[in-house]
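In: the sequence and its predicted three-dimensional model are supplied below.
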Amino acid sequence: MQTYILRRLALAVPTVIGVTILIFVAMRLLPGDPLEQIFGENTGIYVLSEAELEAARKSLGLDKPLVIQYLTWMGDVLRGDMGSSFWTDQPISATILRRGPLTMQIGIAAVLISWIVGLPIGILAAAWRNSPLDYVARFFITLFMAIPSFWLGMTFILVTVIFFSWKPPITVVNIWDDPYRNFQIMIGPSIALGVGLGAFIARMARTQFLEVFREDYVRTARAKGLDERVVMWRHVVRNALLPVITLSGLQFAFLLGGSVAVERAFSVPGLGTALVGGIEERDWMIIQNLVLLYAVVFVFINLIVDLAYGVIDPRIRYQ
Amino acid sequence: MAQLGEARPSRALALLDNAKQFGRSSLLGACAAVFLVFILAIATLAPWIAPEDPLKANYGALLETPSLEFPMGTDGLGRDTLSRVIAGTRLSLIVSITAVVISKVIGFSWGITSGYLGGRFDLLSQRLLDVLISFPSVILALLLLVALGAGVNTVIIAIAATGIAGTTRIIRSVSLLVRESEYVLAAKMIGASPLRIMVRHVAPQCVAPLLVVASASLGGAIFTEAALSYLGLGVPPPDPSWGNMLGGILVASFKPPWWLVVFPGSAITLTILAFNLFGDALRDHLDPRLRGRLE
């Protein structure tokens, strides 16, 4: 088990380094440098003189060679200093700490909802295969797999505004400050994201349970007279849930990307909104560091899923 | 030459037979295919069938609810929503289909080469793919859009980039299996070059999985395009795509124009639905063994 963990960790390190290089190169692909994009004569929003540009470049270290710039960035990030916003001068780490919890809350709630909705539907559909219940379940699974989460969110808002004249509050409210208002902010986005994920969970659960029901060891367990509940819990559920758990982990990619648009739909002031705002304002420090954060979180979650899988299924770690 | 002449019609017939069999085995998949043909027809004929110019503002008819004159209502500039949904079909499909074709061509050749050659090239490719796969696709597309600037072409590149890693992985796994087969060994023994083996022996085996992956990722490409354009970072206005038509509608409106949300969104959903159903049916039809690997 230890070697398995070490091997997985060792693989994650070059990946993260590659991620940082890709982000850095992408940010420098802009013609000229970021400052020229913002303040240059033709492209800029505000125009600065050459001398002012030079001074600004120097203060940000943009006059140094690219390798040095990259290493400085990495050094800063490792020390927890992510620079600050161009326009507001607010430290980016502060933005992350303020807005991150909301995005994380929405992500976790979405996964929970996907399990609460998806698992029972998938299992029931498998148990009563080819019954009307199964057909209805499959219809909704297929439909909700196709609905874009942010559009589902927009229709929620439409319905609540038209029929209840209610809109969720648009401020950062942490759960430890005011749980009720926090709940109002995050419930909509969580459902919009969770229902779509739940459809995938339900489909996976359905096929898995159908397959495990057919396995020889289930027949053997029944044949030797085990109680149906024991067969279910010890043999069927345990084996059928493994791929469902993996799927849940893989869905984080979708979740992290999808939440950006969903946050926008609900005007939730989370990290996704900060990222989109940064792109609109060409605030490249924000873009660079938030994209890095999204990628690192994603790598980290994948790592945890892999490790968890190794714990649950011994076959994996001996490969 | 005579042989070639004979081969052609029979090949077309075989394709037709195949299509018939596909229709018989999966009614749902066939319906989806018919719907997709319908959508493609709309996309192709968009400039001729749209009742109005999708870009023409009409200040006499701002935010009209759906009526006989405007079946899907009008937007804040008085532009006809039906015409914009039709024009959006064209743009959204062009972007997604081109992006998928680009990513699949790259993933196909990369996967075959990486799997067949193995060794250092494969190892390096794997690490590179690890990096690409470490970004949630919307985030990767956002990063590339920042780097390349906004525009239809850059949106296509950004969406294409998000599909490369997954395709390469799957094609590589097929290529690895084929490499060990006896006919590849036989080809090696008679002195065929690696390039020839890859093109003549490995590639044909990878076509079926490629088609399955491609049809499965079309829905995803439509979603990514819609999400990016919705965020205002994809297809730039005033040209309508389904995604950018949804952008900014609900922000400041006292009485939200539901028709501006419902119609473009339904277009996105139905198209993704059709691509998903068609993709599933195609997968079952071409290779049921792929079922587990793609989910």
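Out: Yes, it's here. Numbering: from 1, shown residues only, chains lettered A, B, ... in the order given.

In: what about the nearest residue to B:G279 once chain neighbours are set aside, neighbour count?
Out: Leaving aside its chain neighbours, B:G279 sits nearest to B:S215 (3.8 Å; criterion: Cβ to Cβ, 6 or more residues apart in numbering or on different chains). Any C-beta I mention is one placed from the backbone N, CA and C, and that applies to glycine too. By other Cβ atoms under 10 Å in any protein chain shown, 22 other residues sit near B:S215.

In: contacts only, for B:S215.
Out: B:275, B:278-279, B:282-283 (Cβ atoms under 8 Å, 6 or more residues apart in numbering or on different chains).

In: now swap in B:I94 and tell me
Out: B:43, B:152.

In: B:R200 - how many residues pack around it?
Out: Neighbours of B:R200 (other Cβ under 10 Å): 12.

In: could you look up the SS state of it?
Out: Secondary structure for B:R200, judged by DSSP: H, G, I helix; E, B strand; the rest coil, is helix.

In: all helices of the stretch 1-150 of chain B, in order?
Out: B:2-25, B:27-49, B:81-117, B:119-133, B:137-148 (DSSP state H, counting those that start in this stretch).

In: quick one on the thing from earlier: for the residue nearest to B:G279, helix, strand, or coil?
Out: helix.

In: leaving out the residues flanking it, which one is nearest to B:L210?
Out: B:F108 (5.4 Å).

In: for the one you found, the count of nearby residues, please.
Out: 22.

In: likewise B:A150?
Out: With other Cβ under 10 Å as criterion, B:A150 counts 17.

In: equivalent analysis for A:I162, please.
Out: So A:I162, with other Cβ under 10 Å, has 11 neighbours.

In: doesn't it belong to a helix?
Out: Yes - the assignment for A:I162 by three-state DSSP puts it in a helix.

In: distance check, it against chain B.
Out: Noted for A:I162: a distance of 7 Å to chain B, by Cβ to the nearest Cβ, to the nearest Å.

In: flag every residue of the stretch 51-200 of chain A that's near chain B.
Out: Counting by Cβ under 8 Å from any Cβ of the partner chain, the positions of the stretch 51-200 of chain A adjacent to chain B are A:142-143, A:145-148, A:150-151, A:154-155, A:157-158, A:161-162.

In: rerun that using 6 Å as the cut-off
Out: Proximity of the stretch 51-200 of chain A to chain B is confined to A:146-148, A:151, A:154, A:157-158, A:161 under the rule Cβ under 6 Å from any Cβ of the partner chain.

In: B:A33 contacts B:L277, correct?
Out: No - the criterion here is Cβ atoms under 6 Å, and B:A33 misses it with B:L277 at 8.7 Å.

In: residue ranges in chain A under the pLDDT threshold?
Out: Applying pLDDT under 70 to chain A flags residues A:30-48, A:165-173, A:175, A:316-319.

In: middle-most residue in it, spatially?
Out: The centroid of chain A falls nearest to A:L256 when counting by Cα atoms, centre = their mean (2.2 Å).

In: tell me the residue of chain B that sits nearest chain A?
Out: Ranked by Cβ to the nearest Cβ, the top residue of chain B for proximity to chain A is B:V138, at 3.0 Å.

In: what angle sits between the helix or strand containing A:I23 and helix B:119-133?
Out: According to DSSP states H and E, A:I23 maps onto helix A:2-28. Here the directions of helix A:2-28 and helix B:119-133 differ by 70 degrees (axes from the mean of the first three to the mean of the last three Cα atoms, to 10 degrees).

In: remind me what helix A:2-28 packs against, helices and strands.
Out: helix A:284-312, helix B:119-133 (3 or more Cβ pairs under 6 Å, 6 or more residues apart in numbering or on different chains; DSSP states H and E).

In: so which bits of chain B are right by chain A?
Out: Residues of chain B lying near chain A (Cβ under 6 Å from any Cβ): B:127, B:130-131, B:134-139, B:143, B:146-147, B:223, B:226-227, B:230-231, B:250, B:256, B:258, B:261, B:265, B:268-269, B:272-273, B:276.

In: quick one: residues contacting A:F86.
Out: A:D283 (Cβ atoms under 6 Å, 6 or more residues apart in numbering or on different chains).

In: that one falls within a helix, correct?
Out: No - counting by three-state DSSP, A:F86 falls outside a helix, being coil.

In: chain B versus that one, what's the distance?
Out: Per Cβ to the nearest Cβ, A:F86 is found 14 Å from chain B.

In: tell me the phi and psi of that residue?
Out: The phi/psi pair for A:F86 (degrees, to the nearest 10) reads phi -60, psi -40.

In: which positions in the stretch 201-319 of chain A make contact with chain B?
Out: Checking the stretch 201-319 of chain A against chain B by Cβ under 6 Å from any Cβ, the hits are A:253, A:256-257, A:260-261, A:264, A:276, A:279, A:287, A:291, A:294-295, A:298-299.

In: what about the residue of chain B closest to chain A, how many neighbours?
Out: Neighbours of B:V138 using other Cβ under 10 Å come to 27.

In: ok, for it, nearest residue in space, not its chain neighbours?
Out: Using Cβ to Cβ, 6+ apart, the closest residue to B:V138 is A:G257 (3.0 Å).
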